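build me a model:
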Amino acid sequence: ALNGNYLVDLLMGAHIHMIKPQVYQQFDDNYQDNKLLLSLTQHLTSKGKKCYSLCCGGSNAIGTFGYIDMVGELEQQLTCNISDVVVATASGGTAIGIGVGTYLSNKFDRTKIHAMGTMGESVQKYYKPVGDTLLRELGFDRVSKITDVTELIDFHDATGRGYSKNTPKELQFFFDLSRTTGVLVDPVYSGKALYYFLRGVQNGTIQPKGKNILFVHTGGTFAYFDPKRVEMLNASVPLLQQREYEFVSKL
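Purely as a prediction, here's the structure:
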């Protein structure tokens, strides 16, 4: 279906190489040295194309610097000390960049980073090896004795039913939040991160360091335009089923 990022890619004139999930998983044996991407890059290069291969989620040293720089911007904007930062994470680069940036910052006094994983990835099997590799590539060992990313970041599970899948309670939360605050969170990343962080605080499984908590909104509203998710919203959120229309006959 023409929706989400796929629709945006086509609108921008991108040529899409479709790959079946089972084929991708077969080659995805290294997050930065994906043999499938290397093979496709070599094939396109042989045809005279200029290629730049990105690892999953852009979670390499260069991509991570984007969120290290974001912390620098925050230093100029904040007027209070931040005790905790909460952010959605999938491939890991965003959370690791924020973790490194806040560690190096003079304005963040060992701020606690809560990375809410939305893909169901294991901390030990995925985030730790990915994170430890990034720390080495960034040269983090030159300024810190930390070599284990779990000493820098607290990883929590925010997968729920599965990646890009929602429960009726999650959808109701997204709707209530947007209606009462005007803040639209997406149903794949930022919305689930906030929902499961708040639930974890309420049930005691997540322990914030303090009360000045910064939530990093990472966007992603295109996911709402998936027809299947629209059907789920219609079925799950009662207020959406009670829509009333007033037709203006005179102006």
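
looking at this structure, which helix or strand is least sure?
helix 21-27 (a mean of 73; mean pLDDT, DSSP states H and E).

what is that one packed up against?
When contacts are defined as 3 or more C-beta pairs under 8 Å, 6 or more residues apart in numbering; DSSP states H and E, helix 21-27 packs onto helix 35-46. Using the backbone N, CA and C atoms, a C-beta is placed for each residue, glycine as well.

touching whichever helix or strand comes after the helix it packs on from outside, list them.
Counting by DSSP states H and E, the element after helix 35-46 in chain order, helix or strand, is helix 61-77. Helix 61-77 is contacted from outside by 54, 57, 82, 93-94, 96-98, 100-102, 104-108, 134, 137-138, 214, 216, using C-beta atoms under 8 Å, 6 or more residues apart in numbering.

put the buried members of those into a ChimeraX selection.
Here is the ChimeraX command that selects only those of those that count as buried (16 or more other C-beta atoms under 10 Å):
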select :57,82,93,94,96,97,98,100,101,102,105,108,134,138,214,216
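
out of the contacts of helix 61-77, which sit inside strands?
Leu214, Val216 (DSSP state E).

doesn't Asn166 make contact with Arg229?
Yes - distance between Arg229 and Asn166: 7.1 Å, which falls inside the contact criterion (C-beta atoms under 8 Å).

what about those two, which has more around it?
Neighbours per residue, other C-beta atoms under 10 Å: of Arg229 and Asn166, the larger number sits with Asn166, 23 against 20.

how far away is the more buried one from Tyr103?
33 Å (C-beta to C-beta, to the nearest Å).

tell me where the stretch 151-251 of the chain has strands.
Listed in chain order, the strands of the stretch 151-251 of the chain (DSSP state E, counting those that start in this stretch) span 154-157, 213-216.

same list (the ones you listed) but as CSV, adding distance to Glu75.
Converted to CSV, the strands of the stretch 151-251 of the chain look like this (distance: least, C-beta to C-beta, whole Å):
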stretch, distance to Glu75
strand 154-157, 22
strand 213-216, 12
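
and these, which is most packed in?
When the strands of the stretch 151-251 of the chain are scored by mean count of other C-beta atoms under 10 Å, the highest mean neighbour count falls to strand 154-157 (a mean of 19).

off-centre distance for it?
Taking C-alpha atoms, centre = their mean, to the nearest Å, one finds the center of strand 154-157 at 13 Å from the center of the full chain.

phi, psi for the closest residue to Gly191 other than its chain neighbours please.
Leaving aside its chain neighbours, Gly191 sits nearest to Val185 (3.7 Å; criterion: C-beta to C-beta, 6 or more residues apart in numbering). Main-chain torsions, Val185, degrees, to the nearest 10: phi -110, psi 150.

mind starting the numbering at 864 from now?
Taking 864 as the first residue, the last one we looked at is Val1048.

please tell me how far Val1048 sits from Glu1033.
10 Å.

nearest to Val1006, out of the strands of the stretch 1014-1114 of the chain?
strand 1017-1020 (20.8 Å; C-beta to C-beta).

give the pairing partners of the closest one; include direction for each.
Partner strands and pairing direction for strand 1017-1020 (DSSP bridges) are strand 975-980 (parallel).

C-alpha coordinates for the strand it pairs with, CSV please?
Output of strand 975-980 as CSV, limited to C-alpha atoms (Å, rounded to 0.1, in the frame of the first residue of the first chain):
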residue,chain,number,x,y,z
LYS,A,975,20.0,9.2,33.3
ILE,A,976,19.1,8.1,29.8
HIS,A,977,16.1,5.8,29.3
ALA,A,978,16.1,4.2,25.8
MET,A,979,12.7,2.7,25.0
GLY,A,980,13.3,-0.1,22.5
